[in-house]
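Participant: Need a 3D model of the following:
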Amino acid sequence: MTVAHERRMKAGCLKTSYFWAKLRNNMSPTQKVTGQGPIDVSDLIEARPLGRFQIGVFLLCALACFASGFNDLALGYVAPNVAESLRVSAGALGPAFAVLGAGNVLGVLICGPLADRFGRKPVMIGAMLASTPFVLATAAVHSVAQLAVIQLLASIGLMGVMPVALALAGEYAPRSRKVTIVLIVFVGFALGTIVSGIAAAGVTQSHSWRYLFVISGMLPCLIAPVLLWRLPESLHVLVQRGVSDDRVARIVGLLAPADASLTGRHVVVAEKNEHGFPVWLLFREGRALTTSLLWLMFFANVMLVMVLNSWLTTILTSAGMARHSAIIVASAVNLGGLIGAVAFALVYDRLRRFGFFILSGAFFCGACFVVATGYVHGSVALVAATVLLAGFFAYGAQSTANAVAATQYPTAMRSTGGSWAFGVGQIARVIGPVTAGVLLSLGWGEARMLTVIAVPGFIAAVAAALIGIAGRGAVLQRVAPVGQTFETRGAAKVV
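Facilitator: Predicted structure coming up:
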């Protein structure tokens, strides 16, 4: 065969693939699934209403997040009791809290790439089981040094579970409701922190604080076997890796029970196959700028939110507000954040094309209300209103951003993309309150202090707007180029 003939053959194949891809792009997900030819996993999920199988996946992912959240704030709830038991001052526990934050960062940075390399399910279960001995060992510590080392090792596993669970939930959610569903799964983490606080209050009334960590350590032991039994691996991962047809067909049968039209057809992932270390993939194929801006957005806004959570009560008290009132007003940040998270997730899913512009506007408004809080005087109700709105925009949009990051990257780096963005935010969670504490020691007034605290929010707004301008969808979610649309390696056949 001559070179010219080979070129003509290749051109003919490209034209055929082009017209086939163009035809499919004009179809609805339902038409793509009910027609002939290969079935894209995303179209298969989008074409059907949520079923019991998917809801079960979401609940199991939320359960894994619950275990992560239960341990995250456990030490904070019983810190006074721990200090008394170890015969040290409360301030001496600072190193333990510092390494706990470091463990959270390491956990999400390590588990994300591992999940892209070895699969979501084994990493979730492995991380939970690996952390269990260290969580239980916390109940037996006798020094701050022991506490710090053990909390570091415990937090790496349990915190690493959460972003992987969010990525897996997003892969079984339809595109039209993906962010909302991932956010609902994230609520499992928040519930874990709440239940941990209730358990701490009950345990410390009549028992030692050590029992709280026995409970926290038993949770992964109880949840991991359930995940091993009922949680499926990501269908995207299975298809892209070319696992056995039977395994893929079983999950497809659970997604679309009694659908005879799928028999004998190939299931594919219409994404370009990319190979390499998942973190490096975040900066290839035109994703470098967007990934960098996403990390900047996370770092800046998480810093704002964590400073508010850590220091707002102190700032309001130093400005003359009664301590009881200051505590109630500061709690409005979290209330507003809960309401805002649901609101922004629903809006993001409906207006996905403008999603990052919506987040940008929310970050900007949140920063403005933080500044306004410093200039509102004389009325506790008015201060509470500005704090509530600051939480609604800043905290609510950040919760939505967590869900967005867990769904935006292609399969080969999806867990890594969400985990590393969240990990960058965890770094700000450590640095932000410390920096604000230094500023507070300078004796600045309430208005000046809150104005400086709001600056990261404005930076996050600019970063989100630049992501929107750069074309989020075209940059992060790279599909296979024309001619490779259905040449995905490892396409599986439904038998």
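Participant: Poorly predicted segments of this structure, please.
Facilitator: 1-37, 243-245, 258-265, 271-274, 471-495 (pLDDT under 70).
Participant: Which stretches in it count as strands?
Facilitator: Remark: strands assigned in the chain by DSSP state E are 39-40, 266-268, 492-493.
Participant: Which strands or helices does whichever helix in the chain runs longest pack on?
Facilitator: Identified as the longest helix of the chain according to DSSP state H is helix 288-318. Packing contacts for helix 288-318, counted by 3 or more C-beta pairs under 8 Å, 6 or more residues apart in numbering; DSSP states H and E, involve helix 323-350, helix 355-373, helix 380-390, helix 396-405, helix 414-440, helix 446-470, helix 472-476. Backbone N, C-alpha and C define where each C-beta goes, glycine included.
Participant: give me that answer again for 7 Å
Facilitator: helix 323-350, helix 355-373, helix 396-405, helix 414-440, helix 446-470, helix 472-476 (3 or more C-beta pairs under 7 Å, 6 or more residues apart in numbering; DSSP states H and E).
Participant: and that helix, how far from the chain's centre?
Facilitator: Taking the mean of its C-alpha atoms, helix 288-318 sits 16 Å from the chain's own mean (C-alpha atoms, centre = their mean, to the nearest Å).
Participant: out of the strands of the chain, deepest packed?
Facilitator: Counting by mean count of other C-beta atoms under 10 Å, strand 39-40 has the highest mean neighbour count of those, with a mean of 26.
Participant: Just checking: what are the partner strands of it?
Facilitator: strand 266-268 (parallel) (DSSP bridges).
Participant: if we can go back for a sec, will you turn the helices and strands packed on helix 288-318 into a markdown table that also has mean neighbour count and distance to residue 154?
Facilitator: Output for these, formatted as a markdown table (neighbours: other C-beta atoms under 10 Å; distance: least, C-beta to C-beta, whole Å):
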| stretch | mean neighbour count | distance to residue 154 |
| --- | --- | --- |
| helix 323-350 | 19 | 25 |
| helix 355-373 | 24 | 32 |
| helix 396-405 | 27 | 22 |
| helix 414-440 | 22 | 15 |
| helix 446-470 | 21 | 29 |
| helix 472-476 | 18 | 33 |
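Participant: quick one, which of these is nearest to residue 194?
Facilitator: Smallest distance to residue 194 across the helices and strands packed on helix 288-318 (C-beta to C-beta): 10.2 Å, for helix 323-350.
Participant: between the closest one and helix 380-390, what angle do the directions make?
Facilitator: 30 degrees (axes from the mean of the first three to the mean of the last three C-alpha atoms, to 10 degrees).
Participant: which ones are touching the residue nearest to residue 400 when sequence neighbours are not counted?
Facilitator: Using C-beta to C-beta, 6 or more residues apart in numbering and skipping the chain neighbours, the partner closest in space to residue 400 is residue 344 (4.1 Å). The contact partners of residue 344, by C-beta atoms under 7 Å, 6 or more residues apart in numbering, come to 358, 362, 396, 397, 400.
Participant: Please apply the same query to residue 451.
Facilitator: 371, 374.
Participant: show me where the stretch 151-300 of the chain has helices.
Facilitator: Secondary structure of the stretch 151-300 of the chain (DSSP state H, counting those that start in this stretch): helices located at 178-206, 210-230, 235-241, 245-255, 278-281, 288-318.
Participant: Specify the stretch among the ones you listed that is closest to residue 448.
Facilitator: Among the helices of the stretch 151-300 of the chain, helix 288-318 sits nearest to residue 448 (C-beta to C-beta), with 10.6 Å.
Participant: Buried ones in the closest one, by neighbour count?
Facilitator: 290-291, 293-318 (16 or more other C-beta atoms under 10 Å).
Participant: circling back: dump the contacts of residue 344 into JSON lines; add distance to residue 212 as well.
Facilitator: Below are the contacts of residue 344 laid out as JSON lines (distance: C-beta to C-beta, whole Å):
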{"residue": "358", "distance to residue 212": "39"}
{"residue": "362", "distance to residue 212": "36"}
{"residue": "396", "distance to residue 212": "30"}
{"residue": "397", "distance to residue 212": "32"}
{"residue": "400", "distance to residue 212": "31"}
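Participant: returning to what we had before: rebuild the helices of the stretch 151-300 of the chain as JSON lines, extending it with distance to residue 73.
Facilitator: Converted to JSON lines, the helices of the stretch 151-300 of the chain look like this (distance: least, C-beta to C-beta, whole Å):
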{"stretch": "helix 178-206", "distance to residue 73": "5"}
{"stretch": "helix 210-230", "distance to residue 73": "10"}
{"stretch": "helix 235-241", "distance to residue 73": "31"}
{"stretch": "helix 245-255", "distance to residue 73": "35"}
{"stretch": "helix 278-281", "distance to residue 73": "28"}
{"stretch": "helix 288-318", "distance to residue 73": "11"}
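Participant: Go ahead and confirm residue 384 touches residue 327.
Facilitator: No: assessed by C-beta atoms under 7 Å, residue 384 is found out of contact with residue 327, at 11.4 Å.
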